[in-house]
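Enquirer: model this:
(one chain, ligands or ions: 1)
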Amino acid sequence: MAKYKLILLRHGEGAWNKENRFCSWVDQKLSGDGVKEAQACGRHLKNLGFEFDLVFTSVLSRSIQTAWLVLEEMGQEWVPTEASWRLNERHYGALIGLNRAEMALNHGEEQVKRWRRSYDVTPPPITESHPYYHEIYNDRRYKLCDVPLEKLPKAESLKEVLDRLLPYWNERIAPEVKKGKTVLISAHGNSTRALLKHLE
Ligand SMILES: O=C(O)[C@@H](COP(=O)(O)O)OP(=O)(O)O
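Expert: Numbers count the residues shown, from 1 in each chain. Prediction:
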């Protein structure tokens with residue numbers, strides 16, 4: 001029997017995943033296929049016999065929606081869930097909204113790969129002239145965070161994702177896992193990647 005029970009989940013496909021655009025902190029909902037993926041995941045976890053005690057999500061709808069759909073399929077909608085910006089997707093700064101294939105044509109495959117997959121390369125920051133700046137920073141969810149609005153990131157490397165995620169992991173999630181709770185984290189490609197890197 002495993003000592004700890006922690007399931008890490010990346011959300012189902014979002015509308016901008018389909019369009020190959022950097023979505024990051026833009027609050028896109030799941031696509032039709034994304035909904036089906038989350039439901040299939042819920043059925044799979046149910047067949048494996050998982051019974052969750054606690055669920056953690058980011059504050060982005062695609063991770064919350066995925067958690068709901070998973071719990072619904074499992075008949076465990078009542079399980080307490082908690083959302084934190086610290087589980088958000090990596091902040092892709094000025095790259096938000098851009099198409100990865102077009103970026104590769106303009107900047108070269110290597111540069112795009114460096115921005116996406118290196119550990120400590122931070123993309124250029126988002127500025128007020130960016131088309132999604134105001135949508136992100138005027139959103140009420142970011143006024144309710146445990147840090148003031150001006151301290152929220154404007155771009156992040158994977159290392160910086162881990163730096164902002166670790167206090168939440170150490171203070172809020174890890175103690176529950178250590179108590180023997182079965183915990184689901186429904187988050188994003190890069191926030192789960194950062195956490196896995198830490199756990200390994
Ligand atoms: O921000 C995004 O577009 C993707 C990750 O992008 P890549 O690091 O894979 O380019 O995040 P997710 O769909 O998991 O929330």
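Enquirer: so Phe56 makes contact with Lys181?
Expert: No. Using Cβ atoms under 8 Å, Phe56 is not in contact with Lys181; the gap is 11.0 Å. (Glycine included, C-beta is placed from N, CA and C.)
Enquirer: so which residues on the chain come close to the ligand?
Expert: Arg10, Gly14, Asn17, Phe22, Cys23, Ser24, Glu89, Tyr92, Arg116, His188, Gly189, Asn190 (Cβ under 6 Å from any ligand atom).
Enquirer: please tell me how far the first one sits from Glu110.
Expert: Taking Cβ to Cβ, to the nearest Å as the measure, Arg10 falls 25 Å from Glu110.
Enquirer: Ser31 is in contact with Val65, correct?
Expert: Check again: residue 65 is Gln, not Val. No. If you go by Cβ under 8 Å, Gln65 and Ser31 don't touch, sitting 10.8 Å apart.
Enquirer: neighbour count for Phe56 and Lys181, which is higher?
Expert: More neighbours surround Phe56 than the other of Phe56 and Lys181, with 23 against 15 (other Cβ atoms under 10 Å).
Enquirer: show me what contacts that one?
Expert: Contact partners of Phe56, counting by Cβ atoms under 8 Å, 6 or more residues apart in numbering, are Thr81, Glu82, Ala83, Ser84, Leu87, Arg172, Ile173, Val183, Leu184, Ile185, Ser186, Ala187.
Enquirer: torsion angles phi and psi at the first one?
Expert: Translated: Thr81. As for Thr81, its main-chain torsions (degrees, to the nearest 10) stand at phi -130, psi 150.
Enquirer: Three-state assignment for the closest residue to it other than its chain neighbours, please.
Expert: Excluding the flanking residues, the one nearest Thr81 by Cβ to Cβ, 6 or more residues apart in numbering is Val55, at 4.1 Å. With DSSP: H, G, I helix; E, B strand; the rest coil as the basis, Val55 sits in strand.
Enquirer: related to what we said a few turns ago, any residues in contact with both of Gln65 and Ser31?
Expert: Common neighbours of Gln65 and Ser31 (Cβ under 8 Å, 6+ apart) are Gly12.
Enquirer: for the chain, what's the longest helix?
Expert: Counting by DSSP state H, the longest helix found in the chain is helix 32-47.
Enquirer: what are the buried residues along it?
Expert: Within helix 32-47, the residues scored as buried using 16 or more other Cβ atoms under 10 Å are Gly34, Val35, Glu37, Ala38, Gln39, Cys41, Gly42, Leu45, Lys46.
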